[in-house]
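K.L.:
here are the coordinates; sequence isn't available:
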Ligand SMILES: CC(C)(COP(=O)([O-])OP(=O)([O-])OC[C@H]1O[C@@H](n2cnc3c(N)ncnc32)[C@H](O)[C@@H]1OP(=O)([O-])[O-])[C@@H](O)C(=O)NCCC(=O)NCCSC(=O)C[C@@](C)(O)CC(=O)[O-]
């Protein structure tokens, strides 16, 4: 059954549960949720979330090389750009060129590849559509898989707090959700039939409102996005303020609200060094999709003090050490991480990346 066909049943489940309190965490998960599946999906967000905060404009050729190199490491979903207002995030201004490149010369890969682009409003989505219209038959859709042609995904991004929503989108949470409704429905229309991801930022701490972020509010926003038709909710610990107990409480709250683990991705930043601990909590809870950024690049321009996403190399090493299967070549990602760090003139932010490359060098010496 397709995801869309499954939606009404899921919504029928969600509605009566919407007002459940988050205390009701007992025995709600289904047998399939409890089954410990060892396959984990890593969403590489380096080329977008990782680069968007870089002060100096990264050359288009470097961005494209980064995306192409990452696609050869076994990563199957790569967030490649962002159709936002350039005066808000100048670094993402050449996302049209990036999308054009991906469609014109998709990297050869034994795996199907999906590229994701943020679009906060219809203006951003129209800009993405104009590239798709100029390149028909160059991408797969949810309903029409074309061998060797990448799939595309659009991501909208809501917030769990009003202050962050104003700072990031210049609008209230409610107004942003109304704008997303149009984006989601247009993205899903024929001929595009695109997958849509719905981010929720600052779910475990807000740079303006502190630790007091209500998990109930997160569950409400997630429910609204799912009702609008998003295929996945990505929970952003934008500030890295999340801790193990609070990650657990949040996920229990979402479960109580009827949100399925398979509809949830975790997006951890490592500002306080808690990202892998929180990853373990989410994994134990049954989550199987995690965002990460090569060499720990990143930080949100509208979240002062937030540092990078958890490094892809660290997440891969950690998950594989637990017996999980990421399908990613650790050495390959470590090389990309070292390369992009040098290109950006910064240190490699991945502990594992440095260790892997250091060990290789010692062997060679
Ligand atoms: C939503 C707006 C546009 C509202 O911003 P606004 O200023 O209220 O928008 P507006 O409608 O008044 O338009 C202002 C100007 O921008 C243009 N414009 C308007 N929209 C677009 C567009 N899509 N693409 C290109 N141009 C656009 C529009 O045409 C106009 O141009 P002008 O008439 O001045 O020449 C703005 O707030 C914005 O772009 N915000 C994005 C901020 C952002 O990208 N933040 C980072 C991503 S979120 C994140 O990183 C967190 C995440 C996802 O990683 C997860 C986590 O860790 O939490």
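P.N.:
Structure received. Everything numeric here is computed off the predicted structure, so don't read it as measured data.
K.L.:
Is the residue nearest the centre of the chain bridged to anything, and to what?
P.N.:
Closest residue to the average C-alpha location of the chain: residue 291 at 5.0 Å, with Cα atoms, centre = their mean. Residue 291 has the following beta-bridge partners by DSSP bridges: residue 43, residue 267.
K.L.:
Quick check: the gap between it and the ligand.
P.N.:
8 Å (Cβ to the nearest ligand atom, to the nearest Å). The C-beta positions use only the backbone N, C-alpha and C, and glycine is treated the same way.
K.L.:
again with residue 148
P.N.:
Distance from residue 148 to the ligand, by Cβ to the nearest ligand atom: 29 Å.
K.L.:
end-to-end on stretch 143-160?
P.N.:
32 Å (Cα to Cα, to the nearest Å).
K.L.:
pLDDT weak spots in the chain?
P.N.:
1-36, 300 (pLDDT under 70).
K.L.:
and the longest strand seen in it, does that touch the ligand?
P.N.:
For the chain, the strand with the greatest residue count under DSSP state E is strand 151-159. Yes - part of strand 151-159 sits near the ligand under the criterion Cβ under 6 Å from any ligand atom, namely residue 157.
K.L.:
so how far is the helix or strand just after that strand from its chain's centroid?
P.N.:
Later in the chain than strand 151-159, the nearest helix or strand by DSSP states H and E is helix 162-169. From the chain centre to the centre of helix 162-169 is a distance of 19 Å (Cα atoms, centre = their mean, to the nearest Å).
K.L.:
Report the buried residues of whichever helix or strand comes after helix 162-169.
P.N.:
Heading C-terminal from helix 162-169, the first helix or strand you meet, by DSSP H and E, is helix 173-188. Buried residues in helix 173-188, counting neighbours by 16 or more other Cβ atoms under 10 Å, are found at 173, 176-177, 179-181, 183-184, 186-188.
K.L.:
Counting by contacts, list what whichever helix or strand comes after helix 173-188 packs against.
P.N.:
With elements assigned by DSSP H and E, the helix or strand that comes after helix 173-188 is strand 195-201. Using 3 or more Cβ pairs under 8 Å, 6 or more residues apart in numbering; DSSP states H and E, the elements in contact with strand 195-201 are strand 151-159, helix 173-188, helix 215-228, strand 232-237.
K.L.:
out of those, nearest to residue 63?
P.N.:
strand 151-159 (16.8 Å; Cβ to Cβ).
K.L.:
got the buried residues for that closest one?
P.N.:
Buried residues in strand 151-159 (16+ other Cβ under 10 Å): 151-159.
K.L.:
Just name whatever secondary elements it is in contact with.
P.N.:
strand 114-118, helix 122-134, helix 162-169, helix 173-188, strand 195-201, helix 215-228.
K.L.:
hang on, the earlier thing: for the helices and strands packed on strand 195-201, could you give me TSV that also reports distance to residue 144?
P.N.:
What follows is the helices and strands packed on strand 195-201, written out as TSV (distance: least, Cβ to Cβ, whole Å):
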stretch	distance to residue 144
strand 151-159	10
helix 173-188	13
helix 215-228	23
strand 232-237	20
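K.L.:
thinking the residue nearest to the centre of the chain is in contact with residue 309, fair?
P.N.:
Yes - taking Cβ atoms under 8 Å as the definition, residue 291 is a contact partner of residue 309 at 6.5 Å.
K.L.:
Overlap in contacts, the two.
P.N.:
Common contacts of residue 291 and residue 309 (Cβ atoms under 8 Å, 6 or more residues apart in numbering): 45, 49, 267-268.
K.L.:
which residues sit in contact with the spatially closest residue to residue 213 that is not a sequence neighbour?
P.N.:
In space, and not counting its chain neighbours, residue 213 is closest to residue 160: 5.1 Å by Cβ to Cβ, 6 or more residues apart in numbering. Applying Cβ under 8 Å, 6+ apart to residue 160 gives the contacts 200-203, 206, 213-214, 217-218, 221.
K.L.:
Up against the ligand, what does the chain have?
P.N.:
Proximity of the chain to the ligand (Cβ under 6 Å from any ligand atom) is limited to residues 49, 52, 82-85, 88-89, 118, 120-121, 123-124, 127, 157, 168-170, 199, 201, 236, 238, 267, 300-302.
K.L.:
If any of those are buried, put those into a PyMOL selection.
P.N.:
Applying 16+ other Cβ under 10 Å to the residues of the chain next to the ligand, the buried members can be selected in PyMOL as follows:
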select buried, resi 49+52+82+83+84+89+118+120+121+124+127+157+168+169+199+201+236+238+267+300+301+302
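K.L.:
Save the buried residues of strand 151-159 as JSON lines, and put in distance to residue 102 too.
P.N.:
Listed next are those as JSON lines, based on distance: Cβ to Cβ, whole Å:
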{"residue": "151", "distance to residue 102": "11"}
{"residue": "152", "distance to residue 102": "8"}
{"residue": "153", "distance to residue 102": "12"}
{"residue": "154", "distance to residue 102": "14"}
{"residue": "155", "distance to residue 102": "15"}
{"residue": "156", "distance to residue 102": "20"}
{"residue": "157", "distance to residue 102": "21"}
{"residue": "158", "distance to residue 102": "26"}
{"residue": "159", "distance to residue 102": "28"}
